[in-house]
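Engineer: pasted the sequence and its predicted model underneath.
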Amino acid sequence: MINILYVLTTFFYGVGSWFSFRYYKTLESFYEKKAFQWLLIGFLAQTITLASQWGATRFAPLDRIDGILMILSFTLTGTLIFGRIKASVPILVSLFLPLIFLLSLLGFLENIKSIPFMDASLMTRGMILHILLTFFGFSNFTVGFGVGVAFWIQEGQLKQHQIKSWSYRLPALEVLDNLTVFHVGFGFLFWAVGLVLGTMQAFQVWNRLPLLDPKILGSFLVLVIYALFFVFRWALGMRGKKTMTLVMVGYFLALFTFLGVRFFLTTQHVY
């Protein structure tokens, strides 16, 4: 039953991705609306999928790679829907839906292998909340990064007076700027609370916080960079590419902390 739900979720996101690519090609709002509709259908199916898996095992599906990928795509989808409701930015859904489809597809393929990488019983409530909040924080940083890139491109074209035809579909700079702040703000909140819970878990497991661990140190540095983003905006009144540079630097550090550390460095952290 769960495998069927995985298939349906991946299929729905795949259909939405097709409409996204059609939107890229034609820039017709019809395709963007269809992409968003399929995103909502996929999100509903994915919610049922994760709830069914959680109910079947009585543990959060975070002990296997497929569960991590599915929850990551779930949090990214939820963030995207939230942002789409906040501001109707047509290109936003089409920009990220193919990534969501890819994460869902990889999750389905990993589900076929069904190989756990840790003991599910170790997933305490605090650990689950820590992971979920961190995932939501990372998802908001991801969307904020995408919107920030759109702002960077739009501002650059306006300053150089070289407006491309497709860029007319991008929202005004003010809308992009506000949406970036919106997602970075929520990302900062989720990430910070997730770090607090993670710190509590660290003291329970290791009786200390190994601050020099690259994953933990990187997580705190991400907060520092995004905090500087808000300081520069609100305390120093800076706008434009200077502050968007911090958004990009913060995101790449978050991405490396989230994924790269396990491949290139040594960490005590499970994830």
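Structural biologist: In hand now; what should we look at?
Engineer: residue 238 belongs to a helix, doesn't it?
Structural biologist: No - counting by DSSP: H, G, I helix; E, B strand; the rest coil, residue 238 is located in no helix; its state is coil.
Engineer: how about it: what's its closest non-neighbour residue?
Structural biologist: Nearest non-adjacent residue to residue 238, counting by Cβ to Cβ, 6 or more residues apart in numbering: residue 232, 4.3 Å away. Using the backbone N, CA and C atoms, a C-beta is placed for each residue, glycine as well.
Engineer: pLDDT score for that neighbour?
Structural biologist: We have a pLDDT of 87 for residue 232.
Engineer: what do you get for the one 3 residues further on?
Structural biologist: pLDDT, residue 235: 78.
Engineer: can you report how many residues lie near it?
Structural biologist: By other Cβ atoms under 10 Å, 9 other residues sit near residue 235.
Engineer: what separates it from residue 13, distance-wise?
Structural biologist: Relative to residue 13, residue 235 is positioned 41 Å away (Cβ to Cβ, to the nearest Å).
Engineer: how about residue 40?
Structural biologist: Residue 40 sits 11 Å away from residue 13, taking Cβ to Cβ as the criterion.
Engineer: and the most centrally placed residue in the chain, which helix or strand is it part of?
Structural biologist: Of all residues in the chain, the one closest to the mean position by Cα atoms, centre = their mean is residue 139, 1.7 Å from it. Element membership for residue 139 (DSSP states H and E) is helix 125-160.
Engineer: pLDDT (mean, whole number) over that helix?
Structural biologist: Regarding helix 125-160, the rounded mean pLDDT is 82.
Engineer: and the average pLDDT for the helix or strand following it is what?
Structural biologist: Per DSSP H and E, the first helix or strand lying C-terminal to helix 125-160 is helix 173-206. Averaged over helix 173-206, pLDDT sits at 86.
Engineer: now helix 173-206: buried residues?
Structural biologist: 175-177, 179-184, 186-188, 190-195, 197-199, 201-202 (16 or more other Cβ atoms under 10 Å).
Engineer: sorry, back to before: who's more crowded, residue 40 and residue 13?
Structural biologist: Taking other Cβ under 10 Å, residue 40 and residue 13 do not tie; residue 13 has more neighbours (30 against 15).
Engineer: pLDDT at that one, what is it?
Structural biologist: On pLDDT, residue 13 comes in at 95.
Engineer: report the distance from the helix or strand where it lies to the chain centre.
Structural biologist: Assigned by DSSP H and E, residue 13 falls within helix 2-26. Centre-to-centre, helix 2-26 and its host chain are 18 Å apart (Cα atoms, centre = their mean, to the nearest Å).
Engineer: buried set for that helix?
Structural biologist: Burial within helix 2-26, assessed by neighbour count using 16+ other Cβ under 10 Å, is assigned to 2, 5-6, 8-20, 22-23.
Engineer: contacts for that helix?
Structural biologist: Helix 2-26 is contacted from outside by 28, 31-32, 34-39, 41-42, 45-46, 48-49, 52-53, 56, 66, 70, 73, 90-91, 93-95, 97-98, 100-101, 104-105, 107-108, 111-112, using Cβ atoms under 8 Å, 6 or more residues apart in numbering.
Engineer: among the residues you listed, name the buried ones.
Structural biologist: When the contacts of helix 2-26 are checked for burial by 16+ other Cβ under 10 Å, the buried set is 31-32, 34-36, 38-39, 41-42, 45-46, 49, 52-53, 66, 70, 73, 90-91, 93-95, 97-98, 100-101, 104-105, 107-108, 111.
Engineer: out of those, which are inside helices?
Structural biologist: The helices, defined by DSSP state H, take in 31-32, 34-36, 38-39, 41-42, 45-46, 49, 52-53, 66, 70, 73, 90-91, 93-95, 97-98, 100-101, 104-105, 107-108, 111 from the buried ones among the contacts of helix 2-26.
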